[in-house]
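> generate a structure from the sequence data that follows.
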Amino acid sequence: MGMIANYQYLPDNELEQIKCLSNQEDDLLDFAEDSADTHDILIDIDKMWDALLFVMTGFSSSEFLDDNPLREAVLGVTPLEDVSEYIAYTEKSRISAISQALEEFDMDKALKDFSMEACKKADLYPDIWDYLEEEEEIKDDILTCFVKMKDFYKEILNHKGNVLVTIC
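Numbering: from 1, shown residues only. As a prediction, the model looks like this:
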């Protein structure tokens, strides 16, 4: 088991509930799980979230990039404090910029420059960067995650929704 990233549609009323529960971890995690069961707009990019972020930005999740829509696509805009799991949300006012940045990003070019060694040096999660024979499979996984994320944010934009990000 590892840290898996999930992204889900969050209507305005549920976003307000998330904000109210931000310091009640058990209730917050239950609410996030119940919300995922209620809405069909969600994606799971498994363990490739840190690698996807690195390929798109050149930075790992442990490095802060201020106001970067590609980073926000993967990690959300507002992380909740005092929670043992990573939970963040993105309000609908940022969804258009994120969706546009994903549309404009040239993933094919980025994957041509992909380096397992660079991922290892950046200490990215998950620790798979010594398996050089799996490089093409890893690149395919990153591309699949990117396409899923791009389609997800387009759908969120069409529904004028917010996004809840959980990495646990």
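> quick check: the gap between Ser62 and Asn13.
Ser62 sits 33 Å away from Asn13, going by Cβ to Cβ, to the nearest Å. In short, each C-beta sits where N, CA and C put it, glycine included.
> look at those two and report which has more neighbours.
Ser62 (10 against 7; other Cβ atoms under 10 Å).
> which parts of this structure are strands?
5-10, 42-46, 78-79, 86-90, 162-167 (DSSP state E).
> now these in CSV, with mean neighbour count, distance to Gln24 and mean pLDDT?
Formatted as CSV, these follow (neighbours: other Cβ atoms under 10 Å; distance: least, Cβ to Cβ, whole Å; pLDDT from 0 to 100):
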stretch, mean neighbour count, distance to Gln24, mean pLDDT
strand 5-10, 24, 17, 96
strand 42-46, 17, 23, 96
strand 78-79, 15, 16, 93
strand 86-90, 21, 12, 94
strand 162-167, 24, 16, 96
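> okay if I get these as JSON lines plus distance to Arg71?
Shown next, in JSON lines, are those (distance: least, Cβ to Cβ, whole Å):
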{"stretch": "strand 5-10", "distance to Arg71": "13"}
{"stretch": "strand 42-46", "distance to Arg71": "15"}
{"stretch": "strand 78-79", "distance to Arg71": "12"}
{"stretch": "strand 86-90", "distance to Arg71": "11"}
{"stretch": "strand 162-167", "distance to Arg71": "11"}
